[in-house]
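In: how would this look folded up:
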Amino acid sequence: MKHRRIPKGRAAAAGAGVVALIAAGVTFQTANASESAPTPTPDTLTVAKAGTLATSIAKDLGVDAVGTYYDAKGKNLVVNVLDETAAETAEAAGAKARIVENSLAELKSARSTLSDKASIPGTSWAVDPATNKVVVTADRTVKGAEMDKLSAVVKKLGSKAELQYSKGEFKPFIAGGDAIWGDGSRCSLGFNVVKDGAPHFLTAGHCTESVTSWSAEQGGPVIGENTDSSFPDNDYGLVKYTGDTPHPSEVNLYNGSTQAIAKAGDATVGQKVQRSGSTTQLHDGTVTGLDATVNYGNGDIVNGLIQTDVCAEPGDSGGALFAGDTALGLTSGGSGDCSSGGETFFQPVPEALSALGAEIG
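Out: Below is the predicted model of the structure:
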């Protein structure tokens, strides 16, 4: 099982934005409520407060909670539940409840089936709380017998999964906030962090896997050396600056200004987010899935990723995903480009920080 870790990076800001998903479910009321009793209504919440409420409700409901997402239009948290009793509990806490068919155990079982029987290069899967299904995506390289195999496995999963297609190709975006260079390769700095009192930065693990020292410009002086790297399964790397000068934790917005980063946080499905990278600069979008598994075309499988509809291209790898002053993720890879869109996946920053023993500086 993948351990929790924090993505690395320097000035690039990683943030998590919540996608505006409109809840299709109904609000369930207490069956025995009298006509004179007030009708419960979900609280209006910010994304941050919705995330806190989601954690609290998940603890209260246990297995009866089947995923949450943020409804940006209504500004409330939608909680998927299995029965009306759980719905009443969720609504009493200030959320909007929706009774769904598939339990977390059933969705987890579907993911295990996909891992065992359909681990095909060019595929990904993640639980989508808005549909209460595991959404399986095949990129354009999945054809013939492999596509037939994938389709058959998804079909047998019935209502627990659905198959989608991407016009792009899943691959790590190595080529790379700010640009960092090493051995002719370019990636992007994610976030500046501190470890043992010394300045470091986070970037993608598939970048630090093949490069040991980094410069701020091609052929320039070395600004940092790798101290830790994890890829595949995870996709984060930690680089220690060569000097002791503190580096501000901020992200380049590519308009002459920066976004200060004060903390790391977990992304929420439906959250609006921004991504900064050295190839395509600043772009925004929505979080569409969590705990995603991606099988890149070279056979490298990465787990536990944030899935978004934010565009990215080669060279943006390692760059920051963020929401306001909160670091969310490090750019891993995906399909498409910034002229046609596509899916992009991010290594969660809190997970990387925990594994590396680092913190936002």
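In: How many residues are close by residue 136?
Out: As a burial measure, residue 136 scores 24 neighbours (other Cβ atoms under 10 Å). C-beta: built from backbone N, CA, C; applies to glycine.
In: Can you tell me, leaving aside adjacent residues, what's nearest to it?
Out: residue 125 (4.6 Å; Cβ to Cβ, 6 or more residues apart in numbering).
In: Tell me what the one you found is bridged to.
Out: residue 136, residue 293 (DSSP bridges).
In: need the contact list for it.
Out: 111, 114, 134, 135, 136, 137, 161, 292, 293 (Cβ atoms under 8 Å, 6 or more residues apart in numbering).
In: Tell me how far it lies from residue 107.
Out: 10 Å (Cβ to Cβ, to the nearest Å).
In: can you list residues touching both of these two?
Out: residue 134.
In: just to revisit the earlier point, drop anything exposed from the contacts of residue 125.
Out: Among the contacts of residue 125, the ones that count as buried by 16 or more other Cβ atoms under 10 Å are 111, 114, 134, 135, 136, 137, 161, 292, 293.
In: for the second one, phi and psi?
Out: Backbone geometry at residue 114, expressed as degrees, to the nearest 10, gives phi -60, psi -40.
In: correct me, but residue 308 touches residue 290?
Out: No - with contact defined as Cβ atoms under 8 Å, residue 308 does not reach residue 290; the gap is 10.3 Å.
In: who has more neighbours, the two?
Out: residue 308 (33 against 21).
In: Go ahead and report the secondary structure state at residue 62.
Out: Per DSSP: H, G, I helix; E, B strand; the rest coil, the secondary structure class of residue 62 is helix.
In: Who is residue 282 paired with across the strands?
Out: Here residue 282 shows beta-bridge partners residue 276, assigned using DSSP bridges.
In: can you start the count at 9 instead of 1 from here on
Out: Sure, I'll start numbering at 9, so the last one becomes residue 290.
In: how close does it sit to residue 203?
Out: From residue 290 to residue 203 the distance is 27 Å (Cβ to Cβ).
In: I'd like the average pLDDT over the helix or strand encompassing residue 330.
Out: Per DSSP states H and E, residue 330 falls inside strand 328-331. Across strand 328-331, pLDDT averages out at 97.
In: partner strands of that strand, parallel or antiparallel?
Out: strand 280-285 (antiparallel), strand 334-342 (antiparallel).
In: So which bits of the first one are buried?
Out: Just to be clear, that refers to strand 280-285. Residues of strand 280-285 classed as buried: 280, 281, 282, 283, 284, 285 (neighbour count, 16+ other Cβ under 10 Å).
In: what's the answer for stretch 208-218, then?
Out: Judged by neighbour count (16+ other Cβ under 10 Å), stretch 208-218 contains these buried residues: 208, 209, 210, 211, 212, 213, 214, 215, 216, 217.
In: which SS state does the closest residue to residue 128 other than its chain neighbours fall under?
Out: Nearest residue to residue 128, sequence neighbours excluded (Cβ to Cβ, 6+ apart): residue 154, at 5.1 Å. Here residue 154 is recorded as helix under three-state DSSP.
In: so residue 65 touches residue 73, yeah?
Out: Yes - contact criterion Cβ under 8 Å: residue 65 and residue 73 qualify, at 6.1 Å.
In: overlap in contacts of the two?
Out: With Cβ under 8 Å, 6+ apart, residue 65 and residue 73 have common neighbours 87, 98.
In: ranges for the helices of the stretch 9-158 of the chain?
Out: Using DSSP state H, counting those that start in this stretch, the helices of the stretch 9-158 of the chain run over 55-69, 92-100, 112-125, 152-164.
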